[in-house]
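>>> Got a predicted structure here, sequence first:
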Number of protein chains: 4
Amino acid sequence: MSELEGLAERLRRFAQARDWEQFHTPKNLAMALAGEVGELLAEFQWLTPSESSEVMEDPEASGRVRSEVGDVMIFLIRLADILDIDLVQAAHAKLDESEKRYTVEDYRGSARKAPPLA
Amino acid sequence: MSELEGLAERLRRFAQARDWEQFHTPKNLAMALAGEVGELLAEFQWLTPSESSEVMEDPEASGRVRSEVGDVMIFLIRLADILDIDLVQAAHAKLDESEKRYTVEDYRGSARKAPPLA
Amino acid sequence: MSELEGLAERLRRFAQARDWEQFHTPKNLAMALAGEVGELLAEFQWLTPSESSEVMEDPEASGRVRSEVGDVMIFLIRLADILDIDLVQAAHAKLDESEKRYTVEDYRGSARKAPPLA
Amino acid sequence: MSELEGLAERLRRFAQARDWEQFHTPKNLAMALAGEVGELLAEFQWLTPSESSEVMEDPEASGRVRSEVGDVMIFLIRLADILDIDLVQAAHAKLDESEKRYTVEDYRGSARKAPPLA
């Protein structure tokens, strides 16, 4: 069992034990994922981009960021599990597209022309 | 190399080849992550919760959902890599907390009392 | 002075008095707006759509929802002020488009065909 | 009728004419609001804060930003109307709190100590 399958399995047991599967529809889990991402945004909103690059050097802020990133991961794993989507495969499939669409020749050094990564 | 490390490494090379590392600050990546989650929400916003549970049976909608989930995964992996956070470890750490906080005895069957999972 | 101008003016004075104008770039304010919307989502994530329609009958939940909606309004007003966008005019302009795009004949009763309102 | 009431009334008629009131639960409208905010974030994600301050000088980008801000306003007005919340009053109530909480003496010049505005 891969580390992602291990996490998905732990979440399944967590929800079952509390009879919370009834709440875990894709719609609800997408909302919860968005709510957690909102909390992550709040950590960076008043920082300059370069201050944000040093956030992990601050003991308090780094703990909060690690915690919010963990929450986002939890809901993404759970949502993908409910939808029966292989997260790693879905990401690689999108990267296959992005590599064709954003060729090195045309996009080198420019984020204006295109949204990087995806 | 685990499947997550493989994805992080591919994203590193993707950004380097295009000289896009300059744009990949935690602040910017958190915004991009939130933008992708917004697109995922749009897939579910007018569906009832039970309709959302059947979304993968629709050939067109399932393709869009898979694509959006892949985008979210891409930016989460890239953000965690830049922050040097181990996603699986961060998620398990939060689950350790949630298992203590939301005991089976107190929270069984009720989402009103507490936000499930995190 | 309209009620929206009054609110924008109060926010201007609030930021000036605290020397917070330096933080109020469009980028930062858009992030703060998204963070507040994330908190609003959290109020509805585990409710069914029909439970969400009764949320204002619950004294505690209604207070939280009113508070989050107020926060969203604050950051939207401040962002629009910084960008020099007339919110009411921008909304009417989009509605002019939506009325042409989503004709009553073609879209009556169907949210599948098109995202309502915008 | 104030300009906000005029907008809310136009949205009511828009939804009634298309029989879309059935989709406009608070839960669904909060998701739609978040989706539109996600599109707004995408406009700013790769810009530096200072580049974001000049976004309205670019004819194309300014049009997109105005359009996204209009969409956010539309869903916020509609959500508040459905919830029977007075947006201007809710915003002033939150500002009353913020003025007490973030005193000029303690918070002048510092966004680290507290999230500005709300």
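Cool, got the structure. Note that the structure is a prediction, hence the values are computed from the model and not measured. Numbers count the residues shown, from 1 in each chain, chains lettered A, B, ... in the order given.

>>> Show me what whichever helix or strand residue A:99 is part of is in contact with.
Secondary structure from DSSP states H and E places residue A:99 in helix A:87-101. Contact with helix A:87-101 is made by A:4, A:76-77, A:80, A:114, A:117-118, B:3-4, B:6-7, B:10-11, B:14, B:66-67, B:69-71, B:73-74, B:77, as judged by Cβ atoms under 8 Å, 6 or more residues apart in numbering or on different chains. C-beta here means a position set from N, CA and C on the backbone, and glycine is covered the same way.

>>> Which ones among the residues you listed map onto strands?
If you go by DSSP state E, the contacts of helix A:87-101 have nothing in strands.

>>> Among those residues, which lie within helices?
When DSSP state H defines the helices, the subset of these inside them is A:4, A:76-77, A:80, B:3-4, B:6-7, B:10-11, B:14, B:66-67, B:69-71, B:73-74, B:77.

>>> Tell me the buried residues in the helix holding residue A:99?
By neighbour count with 16 or more other Cβ atoms under 10 Å in any protein chain shown, helix A:87-101 contains the buried residues A:87-88, A:90-92, A:94-95, A:98.

>>> Show the buried residues in the ones in helices among the contacts of helix A:87-101.
Looks like the ones in helices among the contacts of helix A:87-101 have A:4, A:76-77, A:80, B:3-4, B:7, B:10-11, B:14, B:66-67, B:69-71, B:73-74, B:77 buried, using 16+ other Cβ under 10 Å.

>>> among those, which are within reach of chain C?
Among those, no residue is within reach of chain C (Cβ under 8 Å from any Cβ of the partner chain).

>>> quick one on the thing from earlier: quick check: which helices or strands does the helix or strand that the helix holding residue A:99 is followed by pack against?
Next helix or strand after helix A:87-101 toward the C-terminus (DSSP H and E): helix A:104-107. Applying 3 or more Cβ pairs under 8 Å, 6 or more residues apart in numbering or on different chains; DSSP states H and E, one finds that helix A:104-107 contacts helix B:3-18.

>>> what mean pLDDT does the helix or strand following the helix it packs on have?
Scanning forward in sequence from helix B:3-18 by DSSP H and E, the next helix or strand is helix B:26-44. What helix B:26-44 shows for mean pLDDT is 98.

>>> Just the residues contacting the helix or strand just after helix B:26-44, thanks.
Using DSSP H and E, the next helix or strand after helix B:26-44 towards the C-terminus is helix B:49-53. Applying Cβ under 8 Å, 6+ apart, the contact partners of helix B:49-53 are A:25-28, A:30, A:82, B:44, C:48-49.

>>> Then stretch A:58-78?
With contacts defined as Cβ under 8 Å, 6+ apart, stretch A:58-78 is touched by A:4, A:7-8, A:11, A:15, A:24, A:29, A:32-33, A:36-37, A:39-40, A:43, A:55-56, A:87, B:26, B:33, B:69, B:72-73, B:76, B:79-80, B:83, B:85, B:87-88, B:90-95, B:117-118.

>>> what's the weakest-modelled helix or strand in chain A?
One helix or strand of chain A scores below all others by mean pLDDT, DSSP states H and E: helix A:104-107, with a mean of 92.

>>> List the buried residues for it?
residue A:107.

>>> Using PDB, write out the CA atom coordinates for that helix.
What follows is helix A:104-107, C-alpha atoms only, in PDB (Å, rounded to 0.1, in the frame of the first residue of the first chain):
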ATOM      1  CA  VAL A 104      10.100  26.000 -23.300                       C
ATOM      2  CA  GLU A 105      10.800  28.000 -26.400                       C
ATOM      3  CA  ASP A 106       7.700  30.100 -26.200                       C
ATOM      4  CA  TYR A 107       7.200  30.600 -22.500                       C
END
